[in-house]
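**Q** Would you be able to build a 3D model of this:
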Amino acid sequence: MQAITSKDFEHVGDDTAVTVVDFWATWCGPCKMQTPVLEQLDEEYGDRVKFASLDVDQNQELAQSLGIMSIPSLVVFKNGMPTEKVVGFHPKAALKKYIDEKLTEVSA
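**A** Residues are numbered from 1 along each chain as shown. A predicted model of the protein is given here:
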């Protein structure tokens, strides 16, 4: 999973159909639980889905501009555009099902 900043953000999703950006903070307990799940999914999906993480404390303006009010928040980008937001910790099986649905939508 690639760590990004506001500077990198303008290119999120440019090179893949589906990108999942994890908005997190170092002090957030549920974020610490979500990170290993996302890292596992990153390995499983390979090039089909890009995963990135963005520290909201270091990139406050960007987080605010995307309406990030709670963390962890996952923002799904399809073809470079934000389409959906998922808030809170989610187990691997739930995220996998959700991402598979997004991949099906993109390929349809």
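**Q** residue closest to the middle of this structure?
**A** Centroid-nearest residue in the chain, with Cα atoms, centre = their mean: V21, separated by 2.1 Å.
**Q** which residues sit against stretch 34-51?
**A** Residues from elsewhere that reach stretch 34-51, judged by Cβ atoms under 8 Å, 6 or more residues apart in numbering: 1-2, 13, 15-16, 18-22, 24, 53, 72, 74, 89-92, 95-96, 99, 103. Heads up, the C-betas are built off the backbone N, CA and C, glycines and all.
**Q** one step back: the helix or strand encompassing the residue nearest to the centre of the chain pairs with which strands, and in what direction?
**A** Per DSSP states H and E: V21 is located in strand 18-24. Strand pairing for strand 18-24, determined by DSSP bridges: strand 49-55 (parallel), strand 73-78 (antiparallel).
**Q** Show me what secondary structure element comes after the longest one.
**A** Using DSSP H and E, the next helix or strand after strand 49-55 towards the C-terminus is helix 60-65.
**Q** now the closest residue to I68 other than its chain neighbours: how far from D47?
**A** Nearest in space to I68, with sequence neighbours left out and distances taken as Cβ to Cβ, 6 or more residues apart in numbering, is F23 at 4.8 Å. Distance of F23 to D47, given as Cβ to Cβ, to the nearest Å: 23 Å.
**Q** Among these two, which residue is more densely surrounded?
**A** Legend: neighbour count by other Cβ atoms under 10 Å for F23 and D47, higher for F23 (24 against 7).
**Q** Of all the strands paired with strand 18-24, which one is nearest K85?
**A** Taking Cβ to Cβ, strand 73-78 is the member of the strands paired with strand 18-24 nearest to K85, at 5.2 Å.
**Q** Tell me which helix or strand in the chain has the weakest average pLDDT.
**A** Taking mean pLDDT, DSSP states H and E as the measure, helix 6-9 is the helix or strand of the chain with the lowest mean score, a mean of 80.
**Q** List the buried residues in that one.
**A** F9 (16 or more other Cβ atoms under 10 Å).
**Q** elements contacting that helix?
**A** Packing contacts for helix 6-9, counted by 3 or more Cβ pairs under 8 Å, 6 or more residues apart in numbering; DSSP states H and E, involve helix 60-65.
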